[in-house]
Structure formats: C-alpha cells, structure tokens
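*Asks:* The following comprises the amino acid sequence and a computationally predicted model.
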6 protein chains.
Amino acid sequence: MISEEERAQVLAEALPYLRRYHGKSLVIKYGGAAMADERLKQSVIQGVVLLHFVGIRPVLVHGGGPEVTEAMKKVGKVPTFVGGLRVTDAETVEIVEMVLTGKTNKGIVSMIHRQGGKAVGLSGKDGNLFVARRLKVGDTDLGFVGEVTQVNTEVLEPLAEHGFIPVISSVAMGEEGETLNINADHVAGRLAAALRAEKLILLTDVPGLLEDVQRPESLLSEIGIARARELLASGCVERGMIPKVEACLMALEGGVPRAHIIDGRRPHALLTELFTDRGIGTMIRL
Amino acid sequence: MISEEERAQVLAEALPYLRRYHGKSLVIKYGGAAMADERLKQSVIQGVVLLHFVGIRPVLVHGGGPEVTEAMKKVGKVPTFVGGLRVTDAETVEIVEMVLTGKTNKGIVSMIHRQGGKAVGLSGKDGNLFVARRLKVGDTDLGFVGEVTQVNTEVLEPLAEHGFIPVISSVAMGEEGETLNINADHVAGRLAAALRAEKLILLTDVPGLLEDVQRPESLLSEIGIARARELLASGCVERGMIPKVEACLMALEGGVPRAHIIDGRRPHALLTELFTDRGIGTMIRL
Amino acid sequence: MISEEERAQVLAEALPYLRRYHGKSLVIKYGGAAMADERLKQSVIQGVVLLHFVGIRPVLVHGGGPEVTEAMKKVGKVPTFVGGLRVTDAETVEIVEMVLTGKTNKGIVSMIHRQGGKAVGLSGKDGNLFVARRLKVGDTDLGFVGEVTQVNTEVLEPLAEHGFIPVISSVAMGEEGETLNINADHVAGRLAAALRAEKLILLTDVPGLLEDVQRPESLLSEIGIARARELLASGCVERGMIPKVEACLMALEGGVPRAHIIDGRRPHALLTELFTDRGIGTMIRL
Amino acid sequence: MISEEERAQVLAEALPYLRRYHGKSLVIKYGGAAMADERLKQSVIQGVVLLHFVGIRPVLVHGGGPEVTEAMKKVGKVPTFVGGLRVTDAETVEIVEMVLTGKTNKGIVSMIHRQGGKAVGLSGKDGNLFVARRLKVGDTDLGFVGEVTQVNTEVLEPLAEHGFIPVISSVAMGEEGETLNINADHVAGRLAAALRAEKLILLTDVPGLLEDVQRPESLLSEIGIARARELLASGCVERGMIPKVEACLMALEGGVPRAHIIDGRRPHALLTELFTDRGIGTMIRL
Amino acid sequence: MISEEERAQVLAEALPYLRRYHGKSLVIKYGGAAMADERLKQSVIQGVVLLHFVGIRPVLVHGGGPEVTEAMKKVGKVPTFVGGLRVTDAETVEIVEMVLTGKTNKGIVSMIHRQGGKAVGLSGKDGNLFVARRLKVGDTDLGFVGEVTQVNTEVLEPLAEHGFIPVISSVAMGEEGETLNINADHVAGRLAAALRAEKLILLTDVPGLLEDVQRPESLLSEIGIARARELLASGCVERGMIPKVEACLMALEGGVPRAHIIDGRRPHALLTELFTDRGIGTMIRL
Amino acid sequence: MISEEERAQVLAEALPYLRRYHGKSLVIKYGGAAMADERLKQSVIQGVVLLHFVGIRPVLVHGGGPEVTEAMKKVGKVPTFVGGLRVTDAETVEIVEMVLTGKTNKGIVSMIHRQGGKAVGLSGKDGNLFVARRLKVGDTDLGFVGEVTQVNTEVLEPLAEHGFIPVISSVAMGEEGETLNINADHVAGRLAAALRAEKLILLTDVPGLLEDVQRPESLLSEIGIARARELLASGCVERGMIPKVEACLMALEGGVPRAHIIDGRRPHALLTELFTDRGIGTMIRL
C-alpha cells in the first residue's frame, strides 16, 4: 500500500519529465491488447487525458484489425492476408472504413470524454489530413490498400489550441477518390514527422524489438537509426514488427528525435515510459 | 443558351442576397433524393462549397436511412418501424453509427474536398457536440433511439474560423454512455437554434408542406410559427413531414428567424432558395 | 427570360472563379464610358460591391478627365494637351485635385454605400499612399504632372481588414510639397504591383488592344509580357492605349500575374471578365 | 532667451497634463485665422502632430468658408447668407464639397505629413462617418444645408489604431443621396459626443465667449452647461458664436466633460490650453 | 520501494485533481519550518514548480520572521512583540523590507529557477500590487505595521500569461509614502480574494486548527465559515493561529471557495493536500 | 519668468525629438549625486515618468554604493576596495543584495508611482534577467563580484507592454547559485545591447569624459567608438570613468547607436540631453 506521502513524492519526482515534454506533441499509436482489454483501455485513455491536462499535446492514431475481421465475418467474408497485409476488395474497404472511423474511433472519443477530456475523431479524409495512393507490393494486387503520400496538419492546429485531443483512424482518400486502408503504424509515423512531434510511441503486444526473435531476453532497449535500418535490411525483424520499425524510421527521418516501441500489455505502459526513469520496450533514436 | 453577359447579370442580381447572408450560419439538413441521385448530390455539395466561398457559414446535417437499411440487410436484419421510427436494437445502432458516421459522413466530406472546399465530419460524440437521452414514445420500447438534450457548439467555432465546413451525422452518446440514433431533422433544428443560425433549410422529397395532403396544389408557401403549431396539433401533417415541422419549430423557438422545407429533387434547390426571389417549398417564420 | 433554376445554375458555375480569387486583391482602374453612363456606373459599382461580399478585395482607382475639363471651362480655362498629357498649370492642378478628390471620388464612395458596401475615398496624399515627382517629357514643361516614385500601402491594410473598399484618386504630393496630377492608369499599375494583386483590370472604351489599329477584328485576346513590350516599342500602339499598356507592364513587372484591358462599355464587363470562361478584351500575362 | 535647462524644466512640468490626457481623444475644430495665417497654421498642425506623438488621439474637423467664397467668385457666383448660414444651391454645394474635401482637407493632410505625422482625410461620406438631413430654418429654404442625424465612427477606429490622424471635412450625404453642407462646429460637437472625447476644442477668432459683447473684458473663462443654455436662450450670444456654443452643448450632452472655445489667433493656442495652467478662452463644463 | 508501474498508477490517479485545478489560481502562504528546513524548502518549491507545469497558477506569498530577527540582532536591535505583532520602528521596517524583499524573496525566486521554473519577485510596492495603512491595535503604537487597504493585481496578469510564478513579500507602501510591514497571512488572504483563487493554502508549523489547543487529537479537519467565525470570536484560537484563520476568512469572504491551514513540516504537504484524497490539516469552506 | 506662450513654444519645439524616440527603448543608468540629492532625484524620476507618457520606453538600472557602505558600517564592517572594486565577502554580498534590491530599488519604484507612473523592481535573479560568473581581476580574489554572462530580456517585454517601467538592481545569480554583485554601469551597457536600445545614458557626477583629467575644459563632447577604445587602452581615463566607458562600448558593440555620459548633478540632465539641441556631457557613437 502506497502512503499519501509516497504518492506526493512520486508526483514531485515527475517534475523533470513534465518540464521536458511541456507543450510538445506526442503521437501515440494505439492498438493491440491495449485496445482489446477493458482495463488496459481505461489505463491508456486515462494516460492520454492526463497528458493533455499536464500541458502536453497527445495525438492518438488507432488501428482496429480484430474489429474489422469480426465485422467481415458477420457479412460472410473471409479475411485474406498476403505478406501480412489484408487483401482489401471494394466491399472490404467499406467495412474497414465503417468499423474504424464509425465505431472504433468514436468509441475512443467517447472514452476520452468520460475521463473528462475533450476529443474529436478524424480520418484522413477530414480536412484532407492525409492523402494516399494505392500500395504496390511486387505483383500482388492488394486492392484498396494505400500508403500516405501527403500529410496536411492544418485541421489539427485549431483543435489542439482549443483543447481537443485528435483521435485518428487510418483511412484516407486515394488519388481517384477511392477509399484506401492504410497501415496505422505508418500513419502514426508520418503524422509524427509532419507535426515535428517530440516522440512517437507505438503500443504493441510484445516487449519490444528483439535482436533474436527466439530469445525474449535479447530485447534491444535502445538503438540508433542506423542499427534500425540494418535490422530491417537484414530481414531478421519479425513480420509483425516490420511496419512498426518502418514507422519509427519515418518519424526519425522527419525530425522526431525519439521513437518507442513499447509493450501495451503492461498497465500504464504510456505513463511508465514517459514519466519514469525506466524506459520500457525499445527506443530508437536519431 | 445563356450568354456570358446574362451570366454576369445573374451574378450581379445575387448581391442583395449575398449581403443579407454575409457571415451568417445556415444549417442545412441534407437527405432524401438529393443524397441518392448522383447529379443532385453534386449540385447540393457544389452549392454548399459556394456558400462557404461567398462568406456564408454552412453547417451540414445528414441522415442516411436507405444506406442503413441496405447495411442491415447484408447482415440479415429486417428493419422494423413503429410510428415512423426505426426500432433500433444494440446491433442495429452499431450499424447505424458505422454507416452514418463511417461511410455517409466521410463520403460527403470527400465530395466537399473534391469541389475545392474543406470539411470535417463529426458525430454528436465529437467534442460532445450534442448529447442525448433515450426517447420514450408511449409504451413502445424503440431501443437505442434518442432525443437531443444538450448542444455544445464549442468544437464548431475553431473549425469555422479556419474555413472547415462541418458535416454532422445524427448519432450521439446517451446518458449511460450508450450510442443513440437520433432523427437528423431534429438534430438540424436543435443545432440551428444553438448556433443562432440565420436559417434552417431542410431538403426533402416533397414540394413542401401541403394544407391538404391529397392536393399537391395546396402547398403552403409561407406560414407563421403559430400556424405551424396548429397544423402539427391538428394531426393533418403527413407522417414523414412531422419531424421536419418539429425541427422548424425547434429552430424558430431558439431564435432562428426562418426555417424552410424545400424540394431537394429540384436541381440547385439550395441556391434557388437562397439567391432568387422565388422561395421554393414552405417557409415557416417567427 | 432566365428561369430561377437557370439562375441557380449560373451561380453554381461561378464556383471555380470564386475559389480562385478568394481573399485576393484586384486593382480596378475605373474610367471612360463606364464612369459617364449612369447604367454602366451602376453595373460597375454593383460588381465591385459584389466582389467584396464574395470575399475578394477590390481596390478602385479612378480618373475623371471629362469632369476636370468641364470644371475648367466653368472658370474660363481652355484645356491644352501635349502628347496626350494635359498641360497642368498651378490653377489647373488645383481644379484637378478638387474635382477628382472632392467630387468624383466621393461620388463613387457614395454609390458604394448605396449598394450596401462600405468605402473610404483616398488620394495619394492620404497616409502618403503614393508620392510623385514632376514628369519630364523631352523638353516640354507639362507643369504639375507627375509620376509615382513610391507606393506606401500601409493605410490600405487596416481599411481592408475592416471591410472598407478603398477608392483612390490619382493625385499626389510632389517632392517639394506641390500637388501633382498623375495618370490614373499608371497609379493603378503601380498599386497593383505594390499590393501583389491577383489582377489588374483596366476598364476602357475600346474592345481591347488591337494588332492593327485600323482593323477592329485584329483584337489581341492574350499576349505575353514580351510581346506587349515589343508592341509599345514598335510605336504601333494607339496613343490612348499607351498608358494602359504601360500600366499593365508596371503591374506584371511587380509580380502581378495577369493584367486585363477590357471594354467598359459592355454591361457587367467586370463580372464577365472575372466569372465566366470568356475573357473579354486583352489579357497580358507574365 | 530660454535656456536649455529652462526648456527641460518646462517639459517636466507638462507631466501632469500628459498623464491626464494619455490615450484620450480630443476633437479639435480648426478654422478661422488659425487656418488662414501661415505661421498660425504651422503652429496648429505642429501641435496636433505633437499630441499624437505624446500618446493622445487628436481628431481634426475643419471648415473652410473663405476658400469656398473665393472659389465661388471664380465661377461668378455671389455668396448669400441668411441668418449666418450660407444659402447653398446645387452648384454651390458642389463647390463647397470640392473645396473642403478636395483642397482644404488634403492641404491639412499634407501639412501633417510634412510635420512627421500620418493623416487620412475624410468627409462624412467616407465610411458613412456622418449622415445628414436637410436643415429647416423657419420658412427659409437654405438649399443643400444639412444637420447631422447620425455619426458612425467605425472607420476612425482602425485608422487611429494604426497611428493615422483623421482630418474631417463637414460635408455629408443626405437622405436622398444628395450632398449637404454642414456647419463644421456642429460636426465637431457631434463627433466629440460620439467618440466620448475627453475634450472638444473650438479654435475661433475671438478671445472666447463674452458676457457682454460690447465689453471684451467681460470674457467668461469658465461656465457650466446650464449657464451656457441660458445664454443661448437669452439671445445675447453674438451670431458667430451661436453654432460654437451649440457645438459645445452637443458635446457635453453626449458625455464629453469639457468643451473649450479658444482664441486661435494666439500662437500655440492649442498647446497653451492643454499643457499649461492658464486656461485660455472659455471653458464650458458639465 | 515503489515500482515503476506503481509510480505510473499514482500519476494516473492524480487525473481528477489535475482536471479540477486546471487553469485555476492557488495562493500559497509559504512560511514556518517549510522555509527553514532545507529539505522541506526543496519540496515546497518543487511542488510549486510542478503546479505551474501541470497548468495550474501558483502565487506564492512569503513571510520571513526568523531572518528578520536575525538581521536585527546583527545591528544590535532587540525585537519586541505586542499581542503577537512585531513593534516596528523606522529602523526595523527598513530591515524588514531589506530582508524580506531583498534576501528571502530573491532566494525563493532563485530556487524556482533552479527547479526549472520561472519566477519574478515582487513586494506590494511593485506595480502597486497592494497598498496599506497603519494598523491601530487599541492604544498601542506598533510603529510601521500596516494592513492592506487595496489590492491591484494588474501586474500579475502579464507575468502569469508569460509563465512567471509571482513570489510576493509582505511589505507595502502606506498612505504617506512610508514603508509598512504587513502580516503575510493577511496578504495571502487578501490576494486570494482579489484573484478569485480556487484555494488559499497556508503552510504552518502545526497540524491544523485544534478545537481544544490542549488536545492535539481535537484537529478540526473541515469546518464551515460560520464555525470559523465563532471560534475566532470565542477567543479559543491560539494566538499564532489567529492571523491564519483571519486570512482564511478574508479569502472566503472574497469568493474563494476553500481555504486550508496545513502542516508544512510534512514532506510534500502541498502536493498531498492537492492531489490525494486525504485532506491534511484544516479546511475551511464557504 | 517664462510666459505661458513660451511654454507652449518650448513644447512645440520638442516635436522632432518626440518623433525620433517614439516607441524606442532607452536604458538609463541612475546613480551618483542624482540619486542622493532629493531635488535631483525628483527631477530624474519625473523625467523617466514623462518619457513613459510620451511613448518612449525607459529602462532604469541603478547602483547604490553609498547606501551599501552605510549599511555595512551599521554591522561593523569596513569596506575595502581593490582597483576601484569592492571586495565582497559572503556577508557583504548579502548586505549588497538587501540594500540594492530590498531598499534602493523599491524606493525608486515608489517614487515612480508617486509621480503617476507604474514600475516593477527587478534584480538579475527575477526571470533570470541576467546571469553572471565570478569576476577574475589578475590574482586578486574580489569575492562575490561578478560579470554578466547572459541577458534574458523575456521578463521585460510583458511588463513594458502593460506600461510598467522596469527598475533594475545590479545583483545576479552566479554559476553555482551564489549571489554576485555586479558593476551597475556594466549591467546597463549589457542590457542596452540586449534590448537594442536607441540610447544608453549614464548619469554621473562629472561633466563628461575629459581628454585631460587635469583640465575640465578638455571635455570631449562627441567621440567615435574607435577613439573611446583608444582612450581606454591608453590608460588616461580616470579610474571612476573606466566602467562607464566600458559600458558605452558594450552597448555600442551590441548595436546601440549612441551612448551618453552626462552630468547628473545638473537639474533635468536627462530631459536636456534628450529634448534639446545641446548635447550635454560626452556622446560616444558608432
């Protein structure tokens, strides 16, 4: 049991971190277990609202794969993946958009309001926040899957100034007006770069980036951008981690000084990362 | 064929209307045929973007009944209506939200961008724009159907100041955090009142309000608020028109000087109503 | 007879032009028949006020030769011209200033107010808007005729921000404190350059710039700046057109992308030029 | 000869006055000898520019009777006066406007610039600064002579904020769009009231208001508003002073605490009145 | 030992308090042991800087009795007290001012800077923050001891807007320009009222207000304003607590909803009071 | 005896100076006789307040040697000087800070308020206005004597914008958190440079800089920066003048166009220097 005095002590010790992040933007990719487990969900949202109230500017980007898969099943569609990417036909991209933008996104917005914050949910289409083009992966036609070609943060500024936390789904308009499904890690990486964020934080379901996927104890707690590039090139990065490492590189190349891949299954992973000495997961730095 | 000179003449004659509406908010309920027919859709969106560029502040509220019905059918659900209101179970309200907020709304947002405007799509949940409670209609349990209890336009101001047209879906959070489906006409009426709009304009699929439903030639082109209340009380208003007349009353009672029920099936209904001498449809005034 | 629906259609088709000119400055040189004929006057002023209300910033520069000549006659003076320029003795420049700044200018200001706009009349002396020096033309002493040496738009900014349309007479203070009469086309050209206007539009009494003055059908509808310089150098430009072409060059050289010499005798020449596909008169572009 | 040290002493002693008037508006009616004599002109304008630089907001209203009379003579018109008011036919009012607004006004503007200040000349027509209606004096038709019915100071605010001294001629638009000549003292009185000025100062060619017109030593150096009303009603006020006393009453009734009628023939009358202990002329107070 | 996760948990649990105090002013009277003990000093200053960084506006008022006494001794003066108030002759008030404003105040300012905050030290004389008059206590002449007669917070607003924490010493100018020593608790109470602070917090060297001074266990943890008035009137309040209870009443009567007398000897007393459920000391509420 | 009219004339003649200094910062080092003699004190403060009211931004830096010496004597300490610099042990620097910041500074602040101005007293510690490091002079340990290493004017801007005159004492925090006594002339020179002031004015007790210390008639009324450097290097500058000439060089090298060493024993030295043609004392220019 922590005493009241110890609590005050803990708060006092957060001062250096509060100072460091004051007025800065943090882009947080929210997904995985932290979005499925009710208690973890509470803890992430609470953390995000707290960031707002202590003068930091959190920007939330979310995916929602499991909810999409579930919705597809309801209408009798079987999800297919090629190289880890969802094959997305016209009907599927419509489901993706409806689930991510119409359900998951508004669910997060509502949770923020229940915690006393204010939020606005956006997709790439709103205010042309980000636009995309069809992604080509070798010869495979993945359908309505895209990659971000342009980020336009104009709509975020007035919302931030008025205290609204932006919650962003990874759907955008393509070059021919079609709806495209985009990897949410990539969206977060690109947004962090465009906002010159102080940090990009990716919540995942693993302890971080492993040097040797077979050995959990080989966690890389801090690496430079060059090492991250090497790891990607070497092919040793586990498939699920590839887009995360790529997102970190997008952010770092855009001027974000630090990007983190942390274990969202830990309670208060976000606050632990930001406000204590012990970094958790993997930090990639410039 | 209209000559270039006649075109200029037409523009010049719009001056008195431009002056009158300059800097004012107009709440437009967009629905029905104007949302189904591709050409009408283009014309409405073009009109809305034009309003923005000539210094007027349009706010768009939309429904989307047919798309909801279609989505329900895909998952094998049969829509039921009681007294014109959709019986909305938990699964249905989820579909309603996903379709309206995730698909219809973003479709309108994208069309505005393609016409050169800037838009942001919102539901009642975003920035707590409007909150609702369960609607009770006699003894019938309509499920997750709500009525607006509070409008909070705080999120609209910064967006309007930065030139974003708000596009609003009629879904809100209820008192227990549940999602509620709300009549879009009512949402438009309440928003118009909260914004002290200059006008509320409801696009419908009929020529306007008829004195005698059997006689199309009995169109009421202009009535006062008292007469509108009498008509509602008399029970002579056709069922589909009831929420529209109610929405007009909500707006007028909130200080909006004029509310219009116009025929959205006519090309350029919006601009005709606003910028020519011939009112179309029914105007209800204070 | 144009139907209401056609009117709405015409307005809708103005959207691309409204978008293009939104928030931009347009410098309009107002003179000739458009200033003498009552109906044309109405149409120009209506057009200017309309530009203001649709979010464009018109700046009006006017001459007033015929009114000056009339006033001179009243006091028994005979106008003399050398090379198209009015020989201006001390008494004449006083008449010029009184007529242009005290009568013509305020007449335009009043007409704008009657059309529902707001205007402020200025001469070069107000806020030192522009200053001049004596013009030397060969050996001839033209008297109090000047050329602009400096433009200082400081006074225009606060007026524009508060919605006042500036109406400017072509009179300025010379280096020794004397009043100087300046060619109004030149004033317009220099102001357009100083404001980095989107366009300079000169209303004239001819169809535009002709390749061969003898053949009205030789109208040059679009030429580049190089060609305009050649024409001037060649000596083929009709005397009355010389200051107009010079004004266009002043604007273009100062960064204004397009300058137009249009026929002010046509009703709604201004709106036709700006809001329809058919350019009228001559456009000179960078 | 005043020593440098005495000069510094004099400046230091102005501190209480500088403090009192800091940021306040002063409406100054400029006319009479102070406008005819070159040296006095310099001294008034210098004083006005100094007021601006020490943080006070001067607003200058001017007449120009002698210049009007001279211009009328040039075109062979004989001035007629009824009860001290100029009978003003259509041709005369045109001359009045041209002379006051086009010549006298711009002359003052230029002098302010030469003293290092910034000024903008306005008539009642600019920004609808003041509007008027035909003045009825018993049965006599004075022609185009008006009285102020409305003052609209909207145009003065942005100019003042950017450091421009407004210079105002006493001409306005009437109810039917006609130009009207207005008594400049009255204009000054009404403007002082509308601006809630700290003071109204009328420069005249007499020592002030006399109790007995025959006895110059009967100068009233300070009277209350009630006494001023009595004097006017008694008929003892000399004709030329009537509009001045009326102007003072207009100002005082509109909330201006003090109005002054001072002798503009004295060098530095303005600064003497404002910055020394010795009031000069007549002060009328609430 | 508190784990990293527990730390994050503690921070998360501070959210309701952060929300409640966001953007609000807190006036903190700093004195007693918390100002003498080096470790407690650190903890208070750290807490104050933390308040700033989490979006709260702390205003610090300090005394400095022991330092004054020490300085007096150095020049051979013996402190005398009458009814708990220091008898303050001319030489003493000079020492008081020099010690409080010149030494204690700047010491606190420097400590805030060392913790990464920004501070500006003020006395009542700066910007006329507060003015005073001689205090009369019965027949005793206390010398240069005063009570606040007026608070003028004009200087605090620009400092707060730019992120400077005001640190205020309890010295002011009297009606005849003399320097007066004022009870720092009273200064804090009056300032809290003038700022409409959210709270007044007085750091003391006792556990709080006791019902029975003899029994430490009789701590009153929460009382209403009426009860506080009764206690004062009853004469049972211990002498040292009288000015503190008076200060609380000044604040409450000025609209501050809650005033706290807390034990500054406890580490992190400030943060414990503000950010945990357990109120410490005595709260007096409206 | 100066007549009222002569007074007005004197004010009018100040116009060129008012124009020149309008909105500019002037850094004034206040010290010597002008700070000891009651009448001179009044005259300096009156001058400073006048500067504020005529739209100039005075910044006052003060020393206070005699008051420090007096305070030291009270506690039985004997001042020691090495090379003109006060040897400052820990006890002495505490006295210096208390006297300068707690007494002298607040005395000046109060005088400004009594003259109708508004002031805020600051030391280098407030808002980290300036920071210092220990000064090394050859091998001598001067104790807590410092030199400015950094100026941070952030705190001055909001104060100036709200009309507060900053009054600054020459004490700052050193690199190890210790308090350091700094030469006030140097502080003024460094501040003038950091503020890009229009002038630095040093009030002294001598007529100015002499070419030959023995001959008072050898006053240098205007020299360039190169000549000032030569004089310093030559060793002919009298010891007391050395820091003053150094301060002038600091200002000039930082972009201040003119620095003045003037005789503060003359009444109204400040206003005479600023507002009359006769420069007094020595001007050093770029």
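*Replies:* Yes, it's here. Keep in mind it's a predicted model, so treat the numbers as computed, not measured.

*Asks:* In contact with the residue in the stretch 151-286 of chain A that chain B sits nearest to, which residues are there?
*Replies:* Here the stretch 151-286 of chain A gets closest to chain B at one residue, A:Pro158, 3.7 Å apart by C-beta to the nearest C-beta. Where C-beta positions appear, they are placed from N, C-alpha and C, glycine not excepted. Neighbouring residues of A:Pro158 by C-beta atoms under 8 Å, 6 or more residues apart in numbering or on different chains: B:158-159, B:161-162.

*Asks:* likewise A:Cys248?
*Replies:* Contacts of A:Cys248 (C-beta under 8 Å, 6+ apart): A:189, A:200, A:202, A:228, A:259, A:261, A:284.

*Asks:* The same query, at a cut-off of 6 Å, please.
*Replies:* A:259, A:284 (C-beta atoms under 6 Å, 6 or more residues apart in numbering or on different chains).

*Asks:* Secondary structure element holding it?
*Replies:* Here A:Cys248 sits within helix A:242-253, counting by DSSP states H and E.

*Asks:* repeat for A:Thr69
*Replies:* Using DSSP H and E, A:Thr69 maps to helix A:65-74.

*Asks:* tilt between that helix and helix B:65-74?
*Replies:* Interaxial angle, helix A:65-74 versus helix B:65-74 (axes from the mean of the first three to the mean of the last three C-alpha atoms, to 10 degrees): 80 degrees.

*Asks:* Relative to the whole chain's centre, how far out is helix A:65-74?
*Replies:* Here helix A:65-74 is found 20 Å from its chain centre; the criterion is C-alpha atoms, centre = their mean, to the nearest Å.

*Asks:* So which elements touch it?
*Replies:* If contacts are counted by 3 or more C-beta pairs under 6 Å, 6 or more residues apart in numbering or on different chains; DSSP states H and E, helix A:65-74 sits against helix A:90-97.

*Asks:* and whichever helix or strand comes after the helix it packs on, what does it pack onto?
*Replies:* Of the helices and strands lying after helix A:90-97 in sequence (DSSP H and E), the nearest is helix A:105-114. Secondary-structure packing of helix A:105-114 (3+ C-beta pairs under 6 Å, 6+ apart): helix A:38-53, strand A:119-123, strand A:165-169.

*Asks:* quick one: the helices in chain A?
*Replies:* A:4-13, A:15-21, A:33-36, A:38-53, A:65-74, A:90-97, A:105-114, A:156-161, A:184-194, A:225-234, A:242-253, A:269-275 (DSSP state H).

*Asks:* So which of those is nearest D:Glu91?
*Replies:* helix A:156-161 (57.7 Å; C-beta to C-beta).

*Asks:* ok so, going back, as a markdown table, the helices and strands packed on helix A:105-114 with distance to chain E would be great.
*Replies:* Output for the helices and strands packed on helix A:105-114, formatted as a markdown table (distance: least, C-beta to the nearest C-beta, whole Å):
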| stretch | distance to chain E |
| --- | --- |
| helix A:38-53 | 4 |
| strand A:119-123 | 14 |
| strand A:165-169 | 13 |
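
*Asks:* winner for burial among the ones you listed?
*Replies:* Mean neighbours per residue, mean count of other C-beta atoms under 10 Å in any protein chain shown, is largest over these for strand A:119-123, with a mean of 29.

*Asks:* That one - what's its average pLDDT?
*Replies:* Confidence over strand A:119-123, taken as the mean pLDDT, stands at 98.

*Asks:* What strands flank that strand, and is each parallel or antiparallel?
*Replies:* Using DSSP bridges, the strands paired with strand A:119-123 are strand A:165-169 (parallel).

*Asks:* okay, the strand it pairs with in PDB with CA atoms only?
*Replies:* Provided in PDB are the C-alpha atoms of strand A:165-169 (Å, rounded to 0.1, in the frame of the first residue of the first chain):
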ATOM      1  CA  ILE A 165      -7.400  15.600 -28.400                       C
ATOM      2  CA  PRO A 166      -7.400  14.300 -32.000                       C
ATOM      3  CA  VAL A 167      -8.200  10.700 -32.500                       C
ATOM      4  CA  ILE A 168      -7.300   9.500 -36.000                       C
ATOM      5  CA  SER A 169      -8.300   6.400 -38.000                       C
END
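
*Asks:* Show residues contacting it.
*Replies:* Against strand A:165-169 from outside (C-beta under 6 Å, 6+ apart): A:52, A:58-61, A:100-101, A:105, A:108-109, A:112, A:117, A:119, A:121-123, A:156, A:159.

*Asks:* In contact with A:Val155, which residues?
*Replies:* Applying C-beta under 6 Å, 6+ apart, the residues near A:Val155 are A:127, A:129.

*Asks:* now do the one 4 residues further on
*Replies:* Residues near A:Leu159 by C-beta under 6 Å, 6+ apart: A:120, A:166.

*Asks:* give me that answer again for 8 Å
*Replies:* A:120, A:166, B:155, B:158-159.

*Asks:* A:Glu246 now?
*Replies:* Shown in contact with A:Glu246 (C-beta under 8 Å, 6+ apart): A:185-186, A:189, A:232.

*Asks:* switch the cut-off to 7 Å
*Replies:* Contacts for A:Glu246 (C-beta atoms under 7 Å, 6 or more residues apart in numbering or on different chains) come out as A:186, A:189.

*Asks:* Would you reformat the contacts of A:Leu159 as TSV and include distance to F:Gly279?
*Replies:* Listed next are the contacts of A:Leu159 as TSV, based on distance: C-beta to C-beta, whole Å:
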residue	distance to F:Gly279
A:Val120	63
A:Pro166	61
B:Val155	62
B:Pro158	55
B:Leu159	59
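
*Asks:* So which of those is the closest to chain F?
*Replies:* B:Pro158 (25.4 Å).

*Asks:* ok, so what distance separates the closest one from chain C?
*Replies:* Separation of B:Pro158 from chain C (C-beta to the nearest C-beta, to the nearest Å) stands at 19 Å.

*Asks:* Excluding covalently adjacent residues, which one is nearest to the residue in the stretch 151-286 of chain A positioned nearest to chain C?
*Replies:* Minimum separation of the stretch 151-286 of chain A from chain C (C-beta to the nearest C-beta) falls at A:Glu154, amounting to 15.3 Å. In space, and not counting its chain neighbours, A:Glu154 is closest to A:Gly127: 6.1 Å by C-beta to C-beta, 6 or more residues apart in numbering or on different chains.

*Asks:* Give me the neighbour count for the one you found.
*Replies:* 26 (other C-beta atoms under 10 Å in any protein chain shown).

*Asks:* What of A:Arg227?
*Replies:* 15.

*Asks:* State the distance from it to D:Pro16.
*Replies:* A:Arg227 sits at a distance of 74 Å from D:Pro16 (criterion: C-beta to C-beta, to the nearest Å).

*Asks:* Kindly report the same for A:Ile182.
*Replies:* As judged by C-beta to C-beta, A:Ile182 and D:Pro16 stand 71 Å apart.

*Asks:* Looking at those two, which has the bigger crowd around it?
*Replies:* Taking other C-beta under 10 Å, A:Ile182 and D:Pro16 do not tie; A:Ile182 has more neighbours (25 against 13).

*Asks:* And the pLDDT for the more buried one?
*Replies:* 96.

*Asks:* Quick one: residues contacting the residue of the stretch 101-250 of chain A found nearest chain B.
*Replies:* Here the stretch 101-250 of chain A gets closest to chain B at one residue, A:Gly102, 2.3 Å apart by C-beta to the nearest C-beta. Counting by C-beta under 7 Å, 6+ apart, A:Gly102 touches B:97-99, B:101-103.

*Asks:* Could you save the residues you listed as TSV and add columns showing distance to B:Tyr21?
*Replies:* Formatted as TSV, the contacts of A:Gly102 follow (distance: C-beta to C-beta, whole Å):
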residue	distance to B:Tyr21
B:Glu97	33
B:Met98	35
B:Val99	32
B:Thr101	29
B:Gly102	32
B:Lys103	31
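
*Asks:* Close to chain B: what parts of chain A are there?
*Replies:* For chain A, the residues in contact with chain B (C-beta under 7 Å from any C-beta of the partner chain) are A:74-75, A:94, A:97-99, A:101-103, A:106, A:109-110, A:113-114, A:118, A:120-123, A:125-128, A:155, A:158-159, A:161-162, A:164, A:173, A:177.
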